[in-house]
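**Student:** below is the structure, and that's it, no one-letter string:
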């Protein structure tokens, strides 16, 4: 995450494309989120929402400040028949969640994520 100015930030999420059955890195999210009423690509005291279409892929993320939860989903542009869902939350500087990828034909692959913010 990169602070663009005091009223906005840029969130970028790039993953190894092989998790979606693709080759190379895939950028799922690269969005600037600005202060607002809480619509797409806006943040406020309640949290933020991101909705993007990039490289033919779709991503939606929602952060709820009160619950400290980050949930979302989408499909990667490199394999539009694959879909992913993210559920998780924060405890201090640590995010723990589950990323579940469902492929064409119904095969699902869950992965546990644990991220720690370093200052």
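**Tutor:** On my side now, so go ahead. Predicted, not measured: the structure shown is a model, and the values here were computed from it.
**Student:** now the host helix or strand of residue 60: buried residues?
**Tutor:** Assigned by DSSP states H and E, residue 60 belongs to strand 57-64. Under the neighbour-count criterion of 16 or more other C-beta atoms under 10 Å, strand 57-64 has 57-59, 61-63 buried. Backbone N, C-alpha and C define where each C-beta goes, glycine included.
**Student:** quick one: mean pLDDT over it.
**Tutor:** Over the span of strand 57-64, the pLDDT mean works out to 92.
**Student:** next: stretch 98-113.
**Tutor:** 89.
**Student:** likewise stretch 10-21?
**Tutor:** On average, stretch 10-21 scores 81.
**Student:** how far does it stretch from start to finish?
**Tutor:** With C-alpha to C-alpha, to the nearest Å as the measure, stretch 10-21 spans 27 Å from end to end.
**Student:** show the contacting residues for the residue nearest to the spatial centre of the chain.
**Tutor:** Nearest residue to the geometric centre of the chain (C-alpha atoms, centre = their mean): residue 61, 5.2 Å. Residues in contact with residue 61 (C-beta atoms under 8 Å, 6 or more residues apart in numbering) are 11, 29, 48-50, 70-72, 86.
**Student:** run the last query once more with 6 Å
**Tutor:** Counting by C-beta atoms under 6 Å, 6 or more residues apart in numbering, residue 61 touches 50, 72.
**Student:** can you give me the end-to-end span of stretch 14-34?
**Tutor:** One end of stretch 14-34 sits 21 Å from the other (C-alpha to C-alpha).
**Student:** buried sites along that stretch?
**Tutor:** Result for stretch 14-34 [16+ other C-beta under 10 Å]: buried residues 15, 17, 19-20, 22, 26-29, 31, 33.
**Student:** distance from the chain centre to stretch 7-19, please.
**Tutor:** 7 Å (C-alpha atoms, centre = their mean, to the nearest Å).
**Student:** count of residues packed around residue 6?
**Tutor:** 7 (other C-beta atoms under 10 Å).
**Student:** over to residue 9?
**Tutor:** Residue 9, neighbours per other C-beta under 10 Å, totals 17.
**Student:** surely it is in a strand?
**Tutor:** Yes: Residue 9 forms part of a strand when assessed by DSSP: H, G, I helix; E, B strand; the rest coil.
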